[in-house]
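Chemist: Predicted coordinates and the sequence they were generated for:
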Amino acid sequence: MAESVLREVIPPVTEARHRSLWQRAWEAIQLPALALLTAFLVGGFIIALSDFKVLEALADTTSRLNAIGYILLVMTVAVLVGGTAFSRRPEIILSRLRFVGNVGQARWFGVVSAVLTIGAVIGLLVVIGFGPVLWLAWNAVTSAYGALLEGSLGNPLQIVAALSSGDARAIGLAFYPISESLVASTPYIFAGLAVALGFRCGLFNIGAEGQLFIGALTSVFVGYAITGLPAVVHIPLALGAGALGGAIWGLVPGLLKARVGAHEVINTIMMNYIAFRLSEWLLNGPMKRPGAVPVSPFIAESAQLPRLFPDPIRFHLGFFIALGVAAFIWWFLFKSRWGFEIRTVGANPNAARYAGMNIAFNIILAMCMSGALAGLAGANEVLGVNYNLANAFSSGYGFDSIALALLGRSHPLGVVLAGLLFGTLRSGGTRMQNVAQIPIDIIIVIQALVIAFMAAPAIIRAIYRIVKPGEGEVVFTRGWGR
Amino acid sequence: MATTTAQPPRYTQAQLAAIAERQRHRVIGFIMLLLGLAGFALFAINADPTAVSTFGLNTGRTAVVRVGDLVVPTQATITILSSACLFIGGYQIVRGFGKASNAIFGLIILFFIASFLTWATSDKSINLAAMINSTLLRAVPLTLGALSGIMSERSGVVNIAIEGMMLAGALTATIAGSVASSLWIGVIAAVLTGVLLSLFHGVLSIRYKVDQIISGTVINIFSVGITSFISAKFLSEFPELNNPGTFRSEPTPLLSAIPVIGPILFDNNFFTYAMFGLLVVIHIALFYTRWGLRTRAVGEHPKAADTLGINVFRTRYIAVLLSGALAGFAGAYFTLGSVGRFDEGLTAGRGFIALAAMIFGNWTPFGAFGAALIFGFADSLQSRLAILNVPIPSQFLLMAPYIATMIALAGLIGRTTPPAADGKPYDKA
């Protein structure tokens, strides 16, 4: 293991420092943007292929194909395959064919040939008679994504009209979608920070969902069991209880990892299910509100995070708390000694041990903080949005946060941006489901693809022919422990 | 005294290992004692001295040979079982059972469960045969899932995507089975789905060297999304796509006529028999064939295997694809073997319990089967507790597999040893 000990603890200062801010920003955002774009393209394919009208038209057109049609179809496939191959590797093919001596500009050949291939394929399909199918598919995809955008950001025309009319209620309604997106983003930011902090310490916290549940349980308990406190005391108390609950749920896998080397992935998965069952029991028993439904009582008014606008806008203080916590985590990770130790342990445990850092302590600290952040996500939902706790209230914030942390590259700023994006997707997805009859689950598929592309940047680089590996692509790999 | 304490005794590696083993045996002994004491304190004292417990021994389906019910006096039985726990535990601490410790420990757990059941059925009756049968049935998907995990992890590729592959397999099984109106087509479709997903897993984790856990998580999330999407979009619209029917119970000739055991073991559907077959086949394939030796070598030390001319990548691809096929097959059980229709989130985390069974069974097929039986028993017990009116919330029994896995992983009762190269992508350079 000598080589890994000798590996640099701190990544070497590259020329990146000397490049302009815009250049660096583009480099940082290039891969996530392309990953998102690709995921949405694949999602679009799924939407188009699952649309009834498209499928009917497809079956109809295929049944009417004649011999020439089939020949053209085979040609189309040939053009697609050939064009793709050429646009992927123009320099090799060109040098084999000896058409051109200088293939230095091969990249442009690639881009041009890709565009030409897409054009030719679409043209051929239209000639064969698949035009209506393509048009229907285009309609299906645009109406779905259109509804997604309108549901998450609102209708610009409506916003302008409301602002010019000056009617407070109309303005509220126009901005309602955006405010809902921000409300949905808030738990994402917390949970994403939780997973990101774990990643920085080389820990994969799949248990954010369970920690979030426990955080919600403890904070709702403090919220309804204690009454008569002023809000200034009660809100921090309830939030703190949430963080504490989550921290305890993170502490157990952290301790096991640090003391006996038990893998945190398995243990956090197990802790997830223990948390689900525990909340099921609590909500059906000790914490149940009188009545038939397994829900907790409502929290006291003094524990509710204040809403900043009149109804129906639910935007509440939690969003700013999330931003504040993100700023704190940034400071903690990059400006404090503890954060430095956590990052060092994550980058190279052997070097960290060699430098005299306490690995066990750092792992436990990171898991506790990660759990506390996830617990805050749960507390935020309970104290700011629902005011009580029902079974299965979270619907996957904890799992989505893995995608989010990867997309945000485990950097607090990236996590905030990714959280805003995911919140937008989530709140827009509901409208997409209602208007375009696209089940909201397509968002989950897109998120899974985002994780895949972010974790395997080689795929994205192969598709878009990006030559140089970007910065910060930390290969994150370990076995079952030890 | 000062002279002797100054120099700490030096032990060889083997001696240290022996000391650790001795320590572990003592811990097991103490746990046995605790279980015995718990049996007395929780069950024997509370029991009514005159009560009897009745256990039904007929599964209630095939009545080739009917057996009378087993009726035992409650308190006496618990006392005997708990005393046995105490005695064996004491012996374990003082002398130790050596290599048989684990088996004896399993027996003690069985005794404890038996005393619990006796206490719970005090002056009531429970159909023990049906309960064991349902334990076996609930263990089928867990065992198949665990076999899938073993297959992949023995070659050094972590597969936490069992859940996702099961879910996707369950969906395609129901659709293909309904469309073709043939259960076998459904099974084949499920297996192919598992293979397809595991190919994705393989390409990501073997070729692109993505972290295998992230790659598995991708498949889990993707499967939840795509199955819910298809289910909401198509199955709710066309319910006839979601009606494949189920495999019926096929009593094995002769064997099913054995009293008590026959109906429990040999009157089940295709999946149960397939599970037994696969257990044996995979055990032999992994531990007694050249292919199995190579696969395990790749999972333990890929570099050494590569040096000896074994193609690491190909071996891993084959193992991962087989793993996917098994997981898809396990998924088919849910729709074609038990429920007969697909619902969103049908597998309900059983893929993760299968993973737990794999760890608990120390990455061996029969160990995993034993663990799956224990977990299946906890599952089948919780569904009966409500009938028996026992004051234990069923959620706590459902938690048991997860807690047991964490304890096993922590090495309190003997450490589990994963394949050495598990989770590490192999880089030829």
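Modeler: Perfect, I can see it now.

Chemist: tell me which residues of the helix or strand hosting A:Phe45 are tucked away?
Modeler: Here A:Phe45 is covered by helix A:21-49, with elements defined by DSSP states H and E. The neighbour-count check on helix A:21-49 (16 or more other Cβ atoms under 10 Å in any protein chain shown) flags A:28, A:31-32, A:34-36, A:38-40, A:42-44, A:46-48 as buried. Heads up, the C-betas are built off the backbone N, CA and C, glycines and all.

Chemist: Check stretch B:306-323 too.
Modeler: B:Asp306, B:Ile310, B:Val312, B:Thr315, B:Arg316, B:Tyr317, B:Ile318, B:Ala319, B:Val320, B:Leu321, B:Leu322, B:Ser323.

Chemist: how close does the nearest residue to the fourth one once chain neighbours are set aside get to A:Pro286?
Modeler: So that's B:Thr315. Distances taken as Cβ to Cβ, 6 or more residues apart in numbering or on different chains place B:Val298 nearest to B:Thr315, at 4.6 Å, with adjacent residues excluded. Using Cβ to Cβ, to the nearest Å, we find B:Val298 at a distance of 51 Å from A:Pro286.

Chemist: residues in contact with the residue nearest to B:Thr315?
Modeler: B:Ser155, B:Gly156, B:Ala305, B:Ile310, B:Val312, B:Thr315, B:Arg316, B:Ala319, B:Ala421, B:Tyr426 (Cβ atoms under 8 Å, 6 or more residues apart in numbering or on different chains).

Chemist: now, which of these sits nearest chain A?
Modeler: Among the contacts of B:Val298, B:Ala421 lies closest to chain A (Cβ to the nearest Cβ), at 7.1 Å.

Chemist: who's in contact with that closest one?
Modeler: Contacts of B:Ala421 (Cβ under 8 Å, 6+ apart): A:Gly479, B:Gly156, B:Val298, B:Gly299, B:Glu300, B:His301, B:Pro302.

Chemist: Tell me where the stretch 251-400 of chain B is predicted with low confidence.
Modeler: B:259-260, B:386, B:389 (pLDDT under 70).

Chemist: now with 80?
Modeler: Judged by pLDDT under 80, the stretch 251-400 of chain B has its weakly predicted residues at B:251-268, B:345, B:347, B:360, B:382-394, B:397, B:400.

Chemist: Flag every residue of the stretch 301-429 of chain B that's near chain A.
Modeler: B:349, B:352, B:355-356, B:359, B:393, B:395-396, B:398-399, B:402-403, B:405-406, B:409-411, B:418, B:420-425 (Cβ under 8 Å from any Cβ of the partner chain).

Chemist: List only buried entries from those.
Modeler: B:349, B:352, B:355-356, B:359, B:393, B:395-396, B:398-399, B:402, B:405-406, B:409-411, B:418, B:421-425.

Chemist: any idea how far the closest residue to B:His283 other than its chain neighbours lies from A:Phe319?
Modeler: Counting by Cβ to Cβ, 6+ apart, B:His283 lies nearest to B:Pro365, which is 4.5 Å off, once chain neighbours are set aside. Separation of B:Pro365 from A:Phe319 (Cβ to Cβ) stands at 51 Å.

Chemist: More neighbours: which of these two?
Modeler: Shown here are B:Pro365 and A:Phe319; by other Cβ atoms under 10 Å in any protein chain shown, B:Pro365 has more neighbours (24 against 21).

Chemist: any idea how far chain A is from that one?
Modeler: 18 Å (Cβ to the nearest Cβ, to the nearest Å).

Chemist: can you map out the strands along chain A?
Modeler: Read by DSSP state E, chain A holds no strands at all.
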